[in-house]
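J.: 3D, please:
(one chain, ligands or ions: 1)
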Amino acid sequence: MGAALRVTGASRSFGGVYAVREVDLTVEPGELRAVIGPNGAGKSTLFALIGGQLAVDSGTVVLDGRRIDRLAVHRRGKLGIGVVFQAARIFPGMTALENVMVGAHGTTRAGFVTAALRLPRFRAEERAIEARAWECLARTGIEEWADRPAETLPLGQQRALQLARALCGRPRLLLLDEPASGLRSGERKRLAALLGELRREGLTMLLIEHDVGFVMRLADRVTVLDLGRVIADGTPEQVRADSTVIDAYLGEAVT
Ligand SMILES: Nc1ncnc2c1ncn2[C@@H]1O[C@H](COP(=O)(O)OP(=O)(O)OP(=O)(O)O)[C@@H](O)[C@H]1O
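T.: Reported below is the predicted structural model:
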């Protein structure tokens, strides 16, 4: 089952200006939560406060009852947080398959070396990881690219590769930063289907997205940020009907 996430009173400012201000956000196990909002609303900052790329100035981030807001990124990864960034982050010089296998070792240097050198005592484990990596490549639809150098994959496939890598680490909370941006319509449909499947399997997901239509069809609940604050939180229907949201952001976009 997916993890429960509870963010309470989280704030973060840059140069005295709040990017995220007193944000409360609770994501139940198995929920697919979308976070939307206009440019500069604080979505990426909130994402980084949960993933650990940024530290909170105040407030707490709790995963399954455990405070994680002071932990480094890799420690949060070990506790089950998987991250898919908007810009493809791949390891050049490694094949797509090897890139996905790295996901199972976490993002630590030791894990990376273990994967790269295939030391004898790790071989059985490596075989299991390789099998899992193939599964993840298949799920994300890029099996046929497995042996290609990762940097030669087209953008859509590089994005899928990131998702495959995150899944290979068996996350219990998956953070996705605008996973649909830059994808063609067929790729978007495929992504939506996969996210729906992961949701049915009970994975907890938090998705930042600009494409409001994309998330409104997928999400269980939607949180709307504006100027660093939560201005609405509810089902897609509730958010669509919220006059504050319409005034601040949605306008004609979802009517
Ligand atoms: N590292 C940083 N240094 C200074 N200011 C920052 C930094 N990161 C974010 N900000 C500021 O914090 C505010 C929130 O930015 P953030 O990127 O979190 O918003 P966003 O909702 O993700 O925007 P977008 O949709 O454009 O990606 C913005 O005013 C931004 O300029």
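J.: just the helices in the protein please.
T.: 43-51, 73-78, 96-104, 109-117, 123-139, 155-168, 185-200, 212-218, 236-241, 243-245 (DSSP state H).
J.: next one: the longest one to chain centre, how far?
T.: Meaning helix 123-139. Its chain's average C-alpha position is 21 Å from that of helix 123-139, according to Cα atoms, centre = their mean, to the nearest Å.
J.: Pull out the buried positions in it.
T.: Counting neighbours by 16 or more other Cβ atoms under 10 Å, one finds that the buried residues in helix 123-139 are 126, 129-130, 132-134, 136-137, 139. Every C-beta, even on glycine, is put in place using the N, C-alpha and C of the backbone.
J.: how about the helices of the chain in a markdown table, adding distance to residue 32 and mean pLDDT?
T.: Putting the helices of the chain into a markdown table (distance: least, Cβ to Cβ, whole Å; pLDDT from 0 to 100) gives the following:
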| stretch | distance to residue 32 | mean pLDDT |
| --- | --- | --- |
| helix 43-51 | 15 | 97 |
| helix 73-78 | 20 | 93 |
| helix 96-104 | 21 | 91 |
| helix 109-117 | 28 | 58 |
| helix 123-139 | 17 | 88 |
| helix 155-168 | 14 | 94 |
| helix 185-200 | 5 | 94 |
| helix 212-218 | 6 | 87 |
| helix 236-241 | 11 | 90 |
| helix 243-245 | 19 | 81 |
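J.: could you dump those to TSV with distance to the ligand?
T.: Formatted as TSV, the entries for the helices of the chain read as follows, by distance: least, Cβ to the nearest ligand atom, whole Å:
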stretch	distance to the ligand
helix 43-51	3
helix 73-78	16
helix 96-104	24
helix 109-117	25
helix 123-139	27
helix 155-168	17
helix 185-200	18
helix 212-218	12
helix 236-241	16
helix 243-245	15
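J.: I'd say residue 24 and residue 5 touch.
T.: No. Counting by Cβ atoms under 8 Å, residue 24 stays clear of residue 5, with 11.4 Å between them.
J.: Stretch 232-251: which residues count as buried?
T.: Buried residues in stretch 232-251, defined by neighbour count with 16+ other Cβ under 10 Å: 232-233, 236, 239-240, 242, 245-246, 248-250.
J.: what's the burial count for residue 185?
T.: Around residue 185 there are 7 other residues, counting by other Cβ atoms under 10 Å.
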